[in-house]
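Novice: next come a sequence and a model predicted from it.
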Number of protein chains: 2
Amino acid sequence: MKDIDPEEMARRIWLTDKIRQVLWNYGFQMLEPSPVENLETLEAKSGPTIRDEIYWFKDKAERNLGLRFDLTVGMTRMIANRFDLPEPIKISSIGGVWRYDEPQFARYRYFTQWDAEIYGVADPSADAEIIALSSDILESVGLKDHLVKISNRKLIEGFLRGLGIQSQNDLDHLIRIIDKMGKIGSEQAEREFTRAGLSKDKVKRILGFADMGGDPDKVLGELESKLPKGDMIHQGFKELSGTINRVESLGKKNKIRIDLGIVRGISYYDGTVFEAYDSEGEDVGAVLGGGRFDKLCKIYGKRDMPATGVAGGYERLMLSLERKDLFPDIQQGPQVFVVTVNETVWNEAVKVVQQLRGQGIRADYDLKQRPLSKQLEYADALRVRVSLVLGPREIKEGNVRLKDMKTGQEKNVKLTTVVDEIQKTLERTS
Amino acid sequence: MKDIDPEEMARRIWLTDKIRQVLWNYGFQMLEPSPVENLETLEAKSGPTIRDEIYWFKDKAERNLGLRFDLTVGMTRMIANRFDLPEPIKISSIGGVWRYDEPQFARYRYFTQWDAEIYGVADPSADAEIIALSSDILESVGLKDHLVKISNRKLIEGFLRGLGIQSQNDLDHLIRIIDKMGKIGSEQAEREFTRAGLSKDKVKRILGFADMGGDPDKVLGELESKLPKGDMIHQGFKELSGTINRVESLGKKNKIRIDLGIVRGISYYDGTVFEAYDSEGEDVGAVLGGGRFDKLCKIYGKRDMPATGVAGGYERLMLSLERKDLFPDIQQGPQVFVVTVNETVWNEAVKVVQQLRGQGIRADYDLKQRPLSKQLEYADALRVRVSLVLGPREIKEGNVRLKDMKTGQEKNVKLTTVVDEIQKTLERTS
C-alpha cells in the first residue's frame, strides 16, 4: 500500500483544484459514493469473476463487502433511484479506488481517480461533451499535446458477431484481448486469439479491423465503405460520426483520432468508447478513458437512463506531467520563519507569527527554542522565502530584521509595518 | 455505508479549503498515509482488542490487513524512520477513516478526519501550537463560540495510582470510563467503577477529581494546592501550566478551560490532552480532540521522537455548523445556462458556452435538445443565475438575450461582449 508524502501531496492538491475547476465549468457537480460496497453491487454487472480483481471481505455480520474498484458503479448506484433529479444529471467524483492487481509500471493497488458522468442523454451530444471535458482537463493541467482515440463498442461487437462469435462471454473475452493489445503486443494477442479457438484468417481480420483509424476528416468517409454491413455496425458508425460532429461544435475535433482498436476492457460499455494519450508518452498508457454504458442504471435501480462518462487516474497523469516537467514549483512549507535571538523575545516573536498567519501568510517559529544558528539552519531546510530576526535590541527600537532568503537582501523594518513588508516581498516572486 | 450527495460535497470542499489554509498558515505540510494497514501496525499500540472496533480482513496472500481507524497511526508510521526530516516535523492529513462502531447520533462507520501532528518537541510550546491551531481552525469555519477543555494524562494517572490502581490494564479501563462519562452520565459511570471493583469512597474521589477545573486564570493556582502530591502529578501540573502559558503567548488563553475530566479514551496519549466543544452544542460531542503521545514513534520505527497532535471529525463539525446556519450558500451547479430557440443555433450556442467555460464561468446548455420551455424549466431547476437565449433572429443581428434570473431583468447584448456582460452580472451578487 502506498503513502503519499508532502511533495506528492502538494501536486495532488494542485491537480485536484485544476480538475475540479474544469468539471465545475462544464456543469458537473461533485459527490462521492461510499468506498465500501456490498459485494453483490460490485458483481452486478461484472459478474463474480470480479472477486479475483478486488479487495473483498466478510464483515462481522457475515455480509460480503468490497472496496470500490471504480467510481462509476457507486455513482450510478447513487442516482439510479433518484427520481427527483432532472435530466440530464451531470455528476463527478474524485477519490481512491482499490484493485487487487499485480503491481506493475504506472499501476497501483490503491490509486486515485477523477470521474465524470452524464445520465439521461442518449444523443452523442453527451459523449461529445464528455470528450471535450476530458480534453480540457488535460489542457488545464498543461498536457496540451494529447490525443483522444475514439471508437464504438457496436463496431467491434458487430464485426465479431459477423465472424460468427455470438455468446456474450466469448465476445467479452475477445474484446478484453483487443483491449490489452497495446500492452501485450500483437504477437501475444495473436496467440491468445488462437487459444480462444479462432482460425488464422479470423485472427488476421480482427487485427486488420483493430488497425483501422486516423484523422476523422480523412478516414470517416473511407471507413463507411470499408466496414462490413450489418445493423449493429451501422448504428455504431452513426454514433461515431454523430459524436465527432458534436465534438467539432465544441471546438475539439483537432484533438481526436478514430481508432477501432480502442474497445475498453470493462464489460459495461456498449456504445462510444475512447481513451486519451499523452502524444509523447503513450507507454504510460491511457491517461483517461471512458464511454457509454446505457444499461447500468437499470441494474442498480428503477430509473432506466442512458449514460456516458469518463475516468482518469491521478498516478499516470502525474507521471506524464512529471516527465514533461509540467508541475509548477509548489511549496507547502512556511514562507516566513521568525528567528528569536533569545528566549526574552519569544512573546514578541509569537505575536508576529500569529499576525502573519492571520493574514494568510504561512509562518513559523522555533518550537524547540534552539540557538540562533540552529534556527537559521532549520529555516533553510524548510526553504522559507523570508526570515525575520528578532532580538532584544530590535524589539526595544520597535524593529525587526527582514532577510529575503532568495536575494540575500536584509533590511530593518518597523514592527508595525512588518506584515505589509512581507506581503510585498512575497509578491515580488509570484 | 454513507454516500455524499452534491449539497454535502459542496460543504465538504468548502470546509477542506478552509481547514487546509489554516494548517498551511501554521506551517503544517499535508500528506496522506495508506488507507489500508497491516493489522499488526493497527494493533501495535492499541492491542488485539482493536480488532473488534475496526474493519479487518485477510487478503489473497493470507496477510491480515485493516482499514485505518485514524490518521495518527499511519502518519506516525510514515515518519518514524525518516531520519532525513529536520525537527520539528509538522504534518497534517485529511482523509476517511473506518470504525466498526454501532452507528449512533453524530457517529458513522466511515467518516472524514483532519489531523495535524508535531514530532520532535517535548516542550509544551508544541501542545500550545496545536491548541492554537485547533481554535483557529474552528474560527476559520465560523465556529467562533467554542472552548478548548484541557488536562493532562499524568494528572489522572498519578491520581489513580495514588488510589492504589497500578496495572496499566486497570488504569486504561478506568480512564475509558472517565472518558465516556460525558456521554453515559455520572450514575452509569459510578456503576461501571463499582463493577471494576472500586470502593464507594474511591468512586466518589474519582468523580470529585474529574469535576475539577474552570477558567485557567481562576483555578490554576487553587488547583496546585488541591491536587494530591506525587512525582507524576507534579510533572502533569507543570506540563499543564506550561501549556497554558504558551497558549497565552499565542493569544488564545480566552478559549481554554481546565477540565480534569478530559482524559481521552485512546491509550497512546501520555501527557497533555484536550477536546474542543461548540459552546452551544456540547451534545454533538467534541468537534476535535488531541494530545501528546511521546511513545508512539518508537513503536513504529527507529526514530524516537516526542509527539503531540489533534484530530477533528468532519461530520460533527458539519452538524455544528448546520445547526448554527454557518455554511455559506455554496452552489456547485452552472451559473449560466444557454437556451437555444431551435436546433439551427446549436453551434453558436455551444460556442458561447465554451467561451464562458474557458473564462472560468460555470456554463451549460441542453444536451437533450428539448423545446425552449423544457430548457427553461431545467435551467430553473439548476438554479442558474443567468439565462442566455439564442434564436435565429438574435444570431442574425449578432445579439443574445440575457436574463438575470435573480432580478428578472432582461436585455439584448452583443454576442461579442456577452462574456464581459455575464461576468458583470455574476459579480453583482458576490
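Specialist: All right, it came through fine.
Novice: ranges for the helices of the stretch 51-200 of chain A?
Specialist: For the stretch 51-200 of chain A, helices defined by DSSP state H, counting those that start in this stretch occupy the ranges A:72-79, A:124-140, A:153-162, A:168-179, A:181-195, A:200-210.
Novice: average pLDDT for the last one?
Specialist: When pLDDT is averaged over helix A:200-210, the result is 95.
Novice: and the helix or strand just after that helix, what does it pack against?
Specialist: Counting by DSSP states H and E, the next helix or strand C-terminal to helix A:200-210 is strand A:213-214. Counting by 3 or more Cβ pairs under 8 Å, 6 or more residues apart in numbering or on different chains; DSSP states H and E, the packing neighbours recorded for strand A:213-214 are strand A:256-259. (C-beta placed from N, C-alpha, C; glycine too.)
Novice: follow-up on the earlier one: may I see the helices of the stretch 51-200 of chain A arranged in JSON lines, with mean neighbour count and distance to B:L372 as well?
Specialist: Putting those into JSON lines (neighbours: other Cβ atoms under 10 Å in any protein chain shown; distance: least, Cβ to Cβ, whole Å) gives the following:
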{"stretch": "helix A:72-79", "mean neighbour count": "25", "distance to B:L372": "26"}
{"stretch": "helix A:124-140", "mean neighbour count": "25", "distance to B:L372": "17"}
{"stretch": "helix A:153-162", "mean neighbour count": "22", "distance to B:L372": "33"}
{"stretch": "helix A:168-179", "mean neighbour count": "17", "distance to B:L372": "42"}
{"stretch": "helix A:181-195", "mean neighbour count": "15", "distance to B:L372": "46"}
{"stretch": "helix A:200-210", "mean neighbour count": "16", "distance to B:L372": "44"}
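Novice: and the contacts of stretch A:17-25?
Specialist: A:30, A:92, A:94, A:114, A:116, A:133, A:136-137, A:140-141, B:13, B:332, B:356-358, B:360-363 (Cβ atoms under 8 Å, 6 or more residues apart in numbering or on different chains).
Novice: out of those residues, which are buried?
Specialist: Among these, those classed as buried by 16 or more other Cβ atoms under 10 Å in any protein chain shown are A:30, A:92, A:94, A:114, A:116, A:133, A:136-137, A:140-141, B:13, B:332, B:356-357, B:361-363.
Novice: which of those residues fall in strands?
Specialist: Of these, the ones assigned to strands by DSSP state E are A:30, A:92, A:94, A:114, A:116, B:363.
Novice: of those residues, which pair is most distant in space?
Specialist: Farthest pair in these (Cβ to Cβ) is A:I94 and B:A363. Separation: 21.1 Å.
Novice: which residues does the residue in the stretch 301-430 of chain A positioned nearest to chain B bridge with?
Specialist: The nearest approach of the stretch 301-430 of chain A to chain B comes at A:D364, 3.5 Å away (Cβ to the nearest Cβ). A:D364 has these beta-bridge partners by DSSP bridges: A:F337.
Novice: please report how far it lies from B:R82.
Specialist: 19 Å (Cβ to Cβ, to the nearest Å).
Novice: per-domain residue ranges of chain A.
Specialist: Following the assignment in automatic domain parsing, chain A carries domains at A:6-323, A:336-429.
Novice: how about those in a markdown table, adding distance to B:Y300?
Specialist: Output for the domains of chain A, formatted as a markdown table (distance: least, Cβ to Cβ, whole Å):
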| stretch | distance to B:Y300 |
| --- | --- |
| domain A:6-323 | 18 |
| domain A:336-429 | 22 |
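Novice: show me the contacts for A:P216.
Specialist: A:244, A:253, A:256-258.
Novice: out of those, which is nearest to chain B?
Specialist: A:K253 (12.4 Å).
Novice: still on that earlier bit, number of nearby residues for the residue of the stretch 301-430 of chain A closest to chain B?
Specialist: By the measure other Cβ atoms under 10 Å in any protein chain shown, the count of residues near A:D364 is 25.
Novice: average model confidence for stretch A:140-148?
Specialist: Averaged over stretch A:140-148, pLDDT sits at 97.
Novice: going by proximity to chain B, name the top residue of chain A.
Specialist: Nearest residue of chain A to chain B: A:F57, at 3.1 Å (Cβ to the nearest Cβ).
Novice: okay, and the beta partners of the residue nearest to that residue when sequence neighbours are not counted?
Specialist: Leaving aside its sequence neighbours, A:F57 sits nearest to B:F57 (Cβ to Cβ, 6 or more residues apart in numbering or on different chains; 3.1 Å). In this entry, B:F57 is beta-bridged to B:L65, by DSSP bridges.
Novice: and B:F57, what does it touch?
Specialist: Under the criterion of Cβ under 8 Å, 6+ apart, the neighbours of B:F57 are A:55-58, B:64-66.
Novice: show me which residues of the stretch 101-250 of chain A sit near chain B.
Specialist: Proximity of the stretch 101-250 of chain A to chain B is confined to A:110, A:118, A:120-121, A:123, A:125-126, A:129, A:132, A:136, A:249-250 under the rule Cβ under 8 Å from any Cβ of the partner chain.
Novice: give the contact list for A:Y365.
Specialist: By Cβ under 8 Å, 6+ apart, A:Y365 lies in contact with A:337-340, A:349-350, A:353.
Novice: where does A:V263 fall, phi/psi-wise?
Specialist: phi -130, psi -20 (degrees, to the nearest 10).
Novice: where does chain A have low pLDDT?
Specialist: A:1, A:47, A:101-108, A:429-430 (pLDDT under 70).
Novice: circling back to that earlier point, just the buried ones out of the contacts of B:F57, please.
Specialist: Using 16+ other Cβ under 10 Å, the buried members of those are A:55-57, B:65-66.
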